[in-house]
Structure formats: structure tokens, C-alpha cells
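**Student:** here is a sequence with its predicted model. Questions after.
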Amino acid sequence: MKQKAAFYTLGCRVNQYETRAIEEAFERRGFEIGSFDEKCDVYIINTCTVTAESDRKSRQFIRRAYKNGGGDAVVIAVGCMVQVSPEETKEILGLDCAIGSKDKMACVNKAIELLMKKRGAAALADDAERTDTDSMCITSPDGTRAFLKIADGCDNHCAYCIIPKARGEVTSKKEEDVCREAAILADGGCREIVLTGIETAAYGKDTGSDLITLIEKVNALDCGLCRIRLGSLEPTVIKENSVKRLASCEKLMPHYHLSLQSGSDGVLRRMRRKYNTAQFYNVVGMLRENIKDVAVTTDIIVGFPGETEREFEETANFVRKCGFMYVHIFPYSDRAGTEASGMDGKIPEPEKKRRAARLREVMLETRREALGRFIGTERKVLVETIKDGYASGYTENYIETRFKASEATRENTVVSVVLTEIADDAEYVVAALSDKKPEE
């Protein structure tokens, strides 16, 4: 009988990628992948530490794994919380092993070692070679889209962020390794990949390469890949010469998630961001001038220490000015060990929630305006799911779309639709199939 391993991932897309890589390593060693809520032999929790709430949830799922396993399973925590708070993590009830951010693949061998200690050598009929703890790649996605990690680490040292301590300096995957992994995923049926990293825009700064060159090489691959997307970008990577090169990559989708964090120059300075609102707006303009139907989305933190009502209104007005397709809004969360944690002028929780709600109202205004420009137009959608007769997926510029499926509609195919109306909550757009044949 196969041993069973279960996984739970907290945090970012990079963590999602890394969990998938670890899952595949367990499968190669003969494990079956089970559900986290059932009794398994091994539980792996890929932790996050970006906020105090992330730490709390990581601890919660470690304890849940111990309970689900009945005290007999091996429970391993990996990742950012372990890296930042190793001693505190090791004290969590039921945890057998804690592995930081730099050696996550080692958990495969460690899990086997611990299982053999707990249950005896006969518990594992495993003669496979030991897993290479330095390698991390995936060969198959969980769905139609796959995240492909191209870089780790961050050198920005923003005032509110603990991630440089959790992940270290920027380290980039070799161009040839990224291209090989993308081709393997495409050959396995993946139609869309998302090139992502902790600081995606910094790709290649340690190897002499750069993100734009990498995108061009992935775009040129002769394989079944039809869509390339990018993870969150620092706006400083977009220059006049680079945006024209990006526009010429036909597989690169016209959606850019630019990390803003605040629409107030005063707050941006206190956050230690490397741009101001004028520079950011110039980047948005370059994208719209050079890339047809481009959508721009962003992240914003409200209630950063010292943020005045006037600065908050500057942010709201800047969101209107930029006309974002979507804004991910986060009330500031104090994180011990960061510069911002020691700043004066902390905003009370009720006020942070009020500002977040107010900014969401503004965001929905700009979202409806942005979506409205595409109503009545024909778009191509990569079908991700079909349920109860309705299909859903995303357009090239990342508009979530739902439409009545035909008998010929299949998951993981690209279909042409006409966008007809915005849903009441503006979360998606309703569409109708066009007469064009789906792309295989």
C-alpha cells in the first residue's frame, strides 16, 4: 500500500509553484497525493510570514495536520515562517521538522527518514534515488495554467516587508532551464504559463540576463504553449525600449500587474519604494500606447503608518487617474522585524477598514469603466472549467468570463466569445460564444 502525503500552501504564487514541485518529488518517490483533511502519512505545510496573520494561519495548519494525522503522521513545515522564526516554529505542537526557504526539496528525504524512524524501515518499500535538494522544477500543472518560478529573493527592502529576510538576495534560474521547463509543461498539455518570482522584475540581475530577454526566448519556443503571463512587476522594469520589445511577443498576454502600494508620493517615500506616482503613471501610459487592449492591475496598502486623510485621498484620486482594471486592497498589517513596525502614527484598525472599503468603492468605479470598454467586443478565452453547462476562463487581458457552453466546448481550449454584460458585482463578465471554431 502506498504511503500518502498531503500539502497545504499559504501565501504567494511562488509558494504555489514550490509546493507543486515538492508534490512531484513525493510522487517520484512512490507517494500518493492525498487531501489535507484526510488521514495521511505525511503533511507538508508551505508557510508564509508576510503578515502576523500569515504566521497565525501557518501555525493553525501545522496543528491541524497533527490532528488529522492522529499523532502518527510526519508533519513538516517549510518556507518563509520557518526561515524568519525558526525557534518559535519548532515549538509548535505536533511539528516533526522545520525547513527554511532555501532547502525545501530536502523535505522529501526528511519525510522518508522520519517515517522510517516512526514506523520502521518496512514502512517504505522505496528504492528510488534520493531527491536532488538543489533542483526545483515542475512537469505538469494542476490545471490549464501553470506558475513557473524564474527567480527567488528580493533586494528592495521596503519598509513594511519581511520578505528579504525570509528569501534572501535575488537568485535567478538559468534561461535554458526556464525554457526547458516551459517546453515540458507545454508538451504535457499546459496552454498558459505565468513567469513569476519573489521579485519578478529583478530576474537576471545576478546572472547578467534580464526579464525581457527571457520572455523573448520563451515566446520563441516551438511548442504547444499559446499564452505567457507575468507575475507582479515593479514598474521600474518597464522602459520605452523594453515595452516595444514586449509588444512584439505575440504569446505574451496584454495584462500587467504593476505593484503600486500607494498613490501618495509621501507614503511611497516612507515605504522606501523606488518610484513616485509620476513615474508610475508614465509606465501605465507607455503600456497603453504600445499594447492594444492592455489591462493594468495593481496592489495598494491603506493605513500605512502616518498616512493622513489627505494622503489617502491622493491614493483614491490616483486610482481614478490610472483607471485600473482591478486593485487588490490590503489594510496595513504590522509586521515585527520591519522598519515600519517601529514607525509612529499607527492608524487604528477601524479606520484602516474604513479606508479599505472606501477605496474598494473607487476601484469598482474604475473597474466598471475599464470593463465597459470591452462590452460588445470579441475576445479569446482559455476555458478553465465547465460546470452545470457553463464555462469560465480568462480573456487575453485577464477579464474573467462566463458563458453557456456548447457541446463542442472543452476545457483547455481557446474559444472566441462576445462580451455582453458586466455581472452585478463586477467580478466577471457574461459572454456568448461566437461562431468561430475553438483553437485546439
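**Tutor:** Perfect, I can see it now.

**Student:** any idea which helix or strand carries residue 65?
**Tutor:** helix 52-68 (DSSP states H and E).

**Student:** in its sheet, what does the helix or strand following that helix sit against?
**Tutor:** Sequence-wise, the next helix or strand downstream of helix 52-68 (DSSP H and E) is strand 74-79. Here strand 74-79 is paired, per DSSP bridges, with strand 42-47 (parallel), strand 97-99 (parallel).

**Student:** circling back: show me the contact partners of the helix holding residue 65.
**Tutor:** With Cβ atoms under 8 Å, 6 or more residues apart in numbering as the test, helix 52-68 has contacts from 6, 8, 10-11, 36-40, 43, 45, 47-49, 73, 75, 77, 81, 85, 92-95, 333-336. For every residue, glycine as well, the C-beta is placed using N, CA and C.

**Student:** picking that back up, just put the strands paired with strand 74-79 in TSV and tack on distance to residue 53 and mean pLDDT.
**Tutor:** Listed next are those as TSV, based on distance: least, Cβ to Cβ, whole Å; pLDDT from 0 to 100:
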stretch	distance to residue 53	mean pLDDT
strand 42-47	12	97
strand 97-99	20	95
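
**Student:** let me have these in JSON lines, extended by mean neighbour count and distance to residue 260.
**Tutor:** Shown next, in JSON lines, are the strands paired with strand 74-79 (neighbours: other Cβ atoms under 10 Å; distance: least, Cβ to Cβ, whole Å):
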{"stretch": "strand 42-47", "mean neighbour count": "28", "distance to residue 260": "27"}
{"stretch": "strand 97-99", "mean neighbour count": "21", "distance to residue 260": "34"}
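
**Student:** now do the helix holding residue 65 against strand 74-79, angle only.
**Tutor:** If you take axes from the mean of the first three to the mean of the last three Cα atoms, to 10 degrees, helix 52-68 sits at 160 degrees to strand 74-79.

**Student:** ok, back up a step: now intersect the contacts of helix 52-68 with the strands, please.
**Tutor:** Under the assignment DSSP state E, the contacts of helix 52-68 contribute 6, 8, 43, 45, 47, 75, 77 to strands.

**Student:** hmm, back to that, of all the strands paired with strand 74-79, which lies closest to residue 210?
**Tutor:** Of all the strands paired with strand 74-79, strand 42-47 sits nearest to residue 210, with 28.7 Å by Cβ to Cβ.

**Student:** please enumerate the helices of the stretch 251-400 of the chain.
**Tutor:** 265-271, 277-290, 309-322, 349-372 (DSSP state H, counting those that start in this stretch).

**Student:** follow-up on the earlier one: pull out the buried residues from the helix holding residue 65.
**Tutor:** Judged by neighbour count using 16 or more other Cβ atoms under 10 Å, the buried positions of helix 52-68 are 54-55, 57-59, 61-62, 64-66, 68.

**Student:** report the distance from it to the chain centre.
**Tutor:** Chain-centre distance of helix 52-68: 21 Å, with Cα atoms, centre = their mean, to the nearest Å.

**Student:** give the buried residues for stretch 198-218.
**Tutor:** Buried-residue list, stretch 198-218, by 16+ other Cβ under 10 Å: 198-205, 209-212, 214-215, 218.

**Student:** cool, stretch 177-184 as well?
**Tutor:** In stretch 177-184, counting by 16+ other Cβ under 10 Å, buried: 178-179, 181-183.

**Student:** how about the strands in the stretch 101-250 of the chain?
**Tutor:** Secondary structure of the stretch 101-250 of the chain, counting by DSSP state E, counting those that start in this stretch: strands at 145-152, 171-172, 192-197, 227-230.

**Student:** show me what the shortest one is packed against.
**Tutor:** When contacts are defined as 3 or more Cβ pairs under 8 Å, 6 or more residues apart in numbering; DSSP states H and E, strand 171-172 sits against strand 145-152.

**Student:** does residue 263 touch residue 319 like I think?
**Tutor:** Yes: here residue 263 reaches residue 319: they are 6.2 Å apart, a contact under Cβ atoms under 8 Å.

**Student:** any shared contact partners between the two?
**Tutor:** residue 300.

**Student:** any idea how far the nearest residue in space to residue 33 that is not next to it in sequence lies from residue 8?
**Tutor:** Among residues not flanking residue 33 along the chain, residue 23 sits closest, at 5.7 Å (Cβ to Cβ, 6 or more residues apart in numbering). Using Cβ to Cβ, to the nearest Å, residue 23 is found at 11 Å from residue 8.

**Student:** same thing with residue 327?
**Tutor:** 28 Å.

**Student:** in the stretch 301-440 of the chain, where is pLDDT below threshold?
**Tutor:** 436-440 (pLDDT under 70).

**Student:** who has more neighbours, residue 263 and residue 319?
**Tutor:** Legend: neighbour count by other Cβ atoms under 10 Å for residue 263 and residue 319, higher for residue 263 (26 against 21).

**Student:** residues touching the more buried one, list them.
**Tutor:** Taking Cβ under 8 Å, 6+ apart as the test, what residue 263 contacts is 277, 300, 314-319.

**Student:** about what we covered before: any chance of the helices of the stretch 251-400 of the chain in JSON lines, plus distance to residue 251?
**Tutor:** Below are the helices of the stretch 251-400 of the chain laid out as JSON lines (distance: least, Cβ to Cβ, whole Å):
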{"stretch": "helix 265-271", "distance to residue 251": "33"}
{"stretch": "helix 277-290", "distance to residue 251": "17"}
{"stretch": "helix 309-322", "distance to residue 251": "26"}
{"stretch": "helix 349-372", "distance to residue 251": "23"}
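
**Student:** what's the closest of those to residue 17?
**Tutor:** helix 277-290 (25.5 Å).

**Student:** wait, residue 256 sits on residue 294?
**Tutor:** Yes: taking Cβ under 8 Å as the definition, residue 256 is a contact partner of residue 294 at 6.6 Å.

**Student:** re earlier: now the contacts of helix 52-68: which count as buried?
**Tutor:** Buried among those by 16+ other Cβ under 10 Å: 6, 8, 10-11, 36, 40, 43, 45, 47-49, 73, 75, 77, 81, 85, 92, 94-95, 335.

**Student:** distance of residue 381 from residue 231?
**Tutor:** 21 Å.

**Student:** more crowded one of residue 256 and residue 294?
**Tutor:** Set residue 256 next to residue 294 and count neighbours by other Cβ under 10 Å: residue 256 wins out with 27 against 21.

**Student:** any idea of the pLDDT on the more buried one?
**Tutor:** Residue 256 is assigned 98 on the pLDDT scale.
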